[in-house]
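Q: Show me how the following folds:
(one chain, ligands or ions: 1)
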Amino acid sequence: MRTLAVALASMALLAGCGGGGGGPSQPAGSIKVTMTEFKFEPSTISVPSGKVVFYLVNAGTASHDMVIRDSTGKRLAASELVSAGDNFVFTVSTLAAGTYKFFCDQPGHEASGMFGSLTIT
Ligand SMILES: [Cu+2]
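A: Got it, this is the predicted structure:
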């Protein structure tokens with residue numbers, strides 16, 4: 001699945017041009033995830049096991065975050081709350097191979113469609 005991860009990273013780099021906004025710039029090898037009302041883009045992510053670095057970009061007008069949970073609903077990791085126009089580097093190194101869900105835990109956001117699927121291979 002490494003090819004897909006590289007493709008995602010390349011897309012993220014392309015999409016990153018003309019950004020602006022606050023916070024850190026995108027770390028090499030990270031997966032850019034753009035958050036708006038109310039979705040994550042991309043909403044389907046597949047990466048090899050090991051350390052996963054998400055580069056969260058809030059391109060919306062409300063604060064958002066990213067929480068990862070397993071199929072039983074247990075929360076495994078959560079980013080900080082990212083203000084509108086801000087960025088955050090969210091590193092997760094504890095996920096075993098499997099399928100997870102990520103979502104924004106701000107009130108009503110997940111119900112409005114702000115969630116996605118993360119596959120660790
Ligand atoms: Cu949100």
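Q: how about the residue nearest in space to the middle of the chain, what does it touch?
A: For the chain, the residue lying nearest the average C-alpha position, counting by C-alpha atoms, centre = their mean, turns out to be Val33 (4.3 Å). Remark: with contacts taken as C-beta atoms under 8 Å, 6 or more residues apart in numbering, Val33 is in contact with Phe40, Glu41, Pro42, Ile45, Phe54, Tyr55, Leu56, Val57, Met66. C-beta coordinates here come from the backbone N, C-alpha and C atoms, glycine included.
Q: so after the helix or strand of the chain with the lowest mean pLDDT, what's the next helix or strand?
A: The element with the least model confidence among the helices and strands of the chain, by mean pLDDT, DSSP states H and E, is helix 2-15, at a mean of 47. In the C-terminal direction, the helix or strand that comes right after helix 2-15 (DSSP states H and E) is strand 31-36.
Q: near the ion, anything from the helix or strand following that next one?
A: Counting by DSSP H and E, the next helix or strand C-terminal to strand 31-36 is strand 39-41. No. If you take C-beta under 5 Å from the ion as the test, strand 39-41 misses the ion, and the best it gets is 8.8 Å.
Q: Give me the buried positions along stretch 32-49.
A: Lys32, Val33, Thr34, Met35, Thr36, Phe38, Lys39, Phe40, Pro42, Ile45, Ser46, Val47 (16 or more other C-beta atoms under 10 Å).
Q: likewise stretch 103-115?
A: Judged by neighbour count (16+ other C-beta under 10 Å), stretch 103-115 contains these buried residues: Phe103, Cys104, Asp105, Gln106, His109, Glu110, Met114, Phe115.
Q: who in this structure is up against the ion?
A: Near the ion, the residues belonging to the chain are His64, Cys104, Gln106, His109, Met114 when assessed by C-beta under 5 Å from the ion.
Q: got a list of what the closest residue to the second one other than its chain neighbours touches?
A: By that I understand Cys104. The shortest distance from Cys104 to any residue other than its chain neighbours is 4.2 Å, reached at Met114 (C-beta to C-beta, 6 or more residues apart in numbering). Going by C-beta under 8 Å, 6+ apart, Met114 touches Met35, Glu37, Phe38, Lys39, Phe40, His64, Phe103, Cys104, Gln106.
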